[in-house]
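> Everything below, folded, please.
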Amino acid sequence: MRFFIAFFISLFVYLLLIWLYIAHFSKVVVPPKRVNNHVIKIDIRDIPDPKSLPIPKSEPIATVKPVVKKIVEKKPVKKKVPAKKIAIKPKIKPKVTKKNVKKKDDDIVYIPEPFIVKPSKQQVEKSDDLASFLGAAVPSNSSSTTKSYPNKKIQKLYGSTFHTYTPTQKKFIEDNLDEIQRITQNTLTRRGYPQGAGRTGQQGTNVVSFNLHPNGNISELHLKTRIGYRALDDNTLELIKTAYKDYPYPSTTTKIVFYVTYSIYGY
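Numbering: from 1, shown residues only. Below you'll find the model as predicted:
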């Protein structure tokens, strides 16, 4: 039933639309077509003879003023004169004579003065005698000169000066020299190689010398033998300034000489 109702409704709508179209069709006005192209026809017969045309009046010709160019005089260019070369006389080096030559003690590098602590009077009195403290030489006829060295190491480091020391000093050197060297090498191991020295293969052995006092202080620190590398030589002096605090104390001021060895093993 719904289908038929919908069908009739749609049929009615379509019929209504058709009736409206037919009713208004006669009122529709179609506009004329526009002609865009304008064609102009010319007949040759209609073209007038040019001779019969009137001659136009001639207009006055405007006069043109001549343009006068200003001539600019060029200034003469000055030529650059090359500068004269001044001959430089070579410096004459003064002649080297014995008077102006200063002796350089490259083997001795002293530490700053504040680091050197002088022993007190009581410590001086505890020494065997004043001559031993000042390092005075023992007479050649002394029996100590005939004695042999404790070992080859002390003989090589101290030489004949070892026999000028007192028995107390000799005993301390014999008993503690290896211990002092061991403490120094252990301190070097803890501090490590100087920066850059290990990578460049720097190695060698220094011979260090200083006075060790009964209160543990040291003085006259210097290198008897240099390695040749500034980094290692300077490091040895700084090393002693750190390691000497752990050295054994002597009963009298004693000269200490030993080796400080650098090896790149392990780098």
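
> Past the helix or strand harbouring residue 171, which element shows up next along the chain?
Assigned by DSSP states H and E, residue 171 falls within helix 167-191. Elements were assigned by DSSP H and E; along the chain past helix 167-191, the next helix or strand is strand 204-212.

> same for that next one, what does it pack against?
Other helices and strands packing on strand 204-212, by 3 or more C-beta pairs under 8 Å, 6 or more residues apart in numbering; DSSP states H and E, are strand 218-225, helix 230-243, strand 254-262. Glycine gets a C-beta too; all of them are placed from N, C-alpha and C.

> Burial check on residue 226, number of neighbours?
Counted with other C-beta atoms under 10 Å, residues neighbouring residue 226 total 17.

> Is it in contact with residue 234, as I believe?
No - under the criterion of C-beta atoms under 8 Å, residue 226 makes no contact with residue 234, lying 10.4 Å away.

> is residue 204 in a bridge, and if so with what?
residue 262 (DSSP bridges).

> Tell me how far it lies from residue 159.
For residue 204, the distance to residue 159 (C-beta to C-beta, to the nearest Å) stands at 21 Å.

> Same question for residue 12.
Residue 12 sits 144 Å away from residue 159, going by C-beta to C-beta.

> What residues of the helix holding residue 171 count as buried?
169-170, 172-173, 176-177, 180-181, 183-185, 187-188 (16 or more other C-beta atoms under 10 Å).

> can you check stretch 214-231 too?
Neighbour counts over stretch 214-231 (16+ other C-beta under 10 Å) mark 214, 217, 218, 219, 221, 223, 226, 227, 229, 231 as buried.

> Report the two of the residues you listed separated the most.
214 and 229 (34.6 Å; C-beta to C-beta).

> Residue 197 against residue 232, yeah?
Yes - at 6.0 Å, residue 197 and residue 232 qualify as touching, with contact defined as C-beta under 8 Å.

> Between the two, which contacts overlap?
The contact sets of residue 197 and residue 232 overlap at residue 262 (C-beta atoms under 8 Å, 6 or more residues apart in numbering).

> where does the stretch 1-150 of the chain dip in pLDDT?
Scanning the stretch 1-150 of the chain for pLDDT under 70 picks out the ranges 25-147.

> measure residue 262 to residue 200 for me?
From residue 262 over to residue 200 the distance is 12 Å, taken as C-beta to C-beta.

> same question, residue 169
For residue 169 relative to residue 200 (C-beta to C-beta), the value is 40 Å.

> When residue 204 and residue 159 are compared, which one has more neighbours?
Ranked by neighbour count (other C-beta under 10 Å), residue 204 and residue 159 place residue 204 first, with 15 against 11.

> Can you give me the pLDDT of the more buried one?
Per-residue confidence (pLDDT) for residue 204: 93.
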